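K.L.:
Would you be able to build a 3D model of this:
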Amino acid sequence: MNHSKLSQVINDPRGPEEVLPSLAAEELANLLDALYQNLDTPAPDLGAQVWYELAVEESARRTASSGDEQSA
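P.N.:
A predicted model of the protein is given here:
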């Protein structure tokens, strides 16, 4: 994901609470990677930290849900 696309996601007026659950697994993984890379720069985008934390939570939630389904 390039910086322009990442900026569009971070500035989406719907916010991470609505956007993240709507992403496919691969899209979420790509976003997490882009956010991590952005945070590893001297001047990360404003809001990137919040989006990263919420994306990690969404990923963990999906992993837990997947584990629950497999054990049923």
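
K.L.:
dump the residue contacts of the residue nearest to the spatial centre of the chain.
P.N.:
The chain has residue 55 as the residue nearest its centroid, 3.4 Å off, counting by CA atoms, centre = their mean. Taking CB atoms under 8 Å, 6 or more residues apart in numbering as the criterion, residue 55 is in contact with 16, 20, 28, 31, 32, 35. From N, CA and C alone the C-beta is placed, and that goes for glycine too.

K.L.:
taking those one by one, which sit in helices?
P.N.:
With helices defined by DSSP state H, the entries of the contacts of residue 55 inside them are 16, 20, 28, 31, 32, 35.

K.L.:
the helices in this protein, which residues?
P.N.:
With DSSP H as the criterion, the chain has helices spanning 3-10, 16-22, 25-39, 48-71.

K.L.:
Other residues contacting the shortest one?
P.N.:
The reference is to helix 16-22. Counting by CB under 8 Å, 6+ apart, 9, 12, 28, 31, 50, 51, 54, 55, 58 sit against helix 16-22.

K.L.:
Of those residues, which qualify as buried by neighbour count?
P.N.:
9, 28, 31, 51, 54, 55, 58 (16 or more other CB atoms under 10 Å).

K.L.:
Among those residues, which one sits closest to residue 44?
P.N.:
residue 51 (10.3 Å; CB to CB).

K.L.:
doesn't residue 11 make contact with that closest one?
P.N.:
No: with contact defined as CB atoms under 8 Å, residue 51 does not count as touching residue 11 (10.1 Å).

K.L.:
count of neighbours near residue 16?
P.N.:
20 (other CB atoms under 10 Å).

K.L.:
same deal with residue 52?
P.N.:
Around residue 52 there are 20 residues (other CB under 10 Å).

K.L.:
can you pull the contacts of it?
P.N.:
32, 35, 36, 39.

K.L.:
try 10 Å this time
P.N.:
10, 16, 31, 32, 34, 35, 36, 38, 39, 44 (CB atoms under 10 Å, 6 or more residues apart in numbering).
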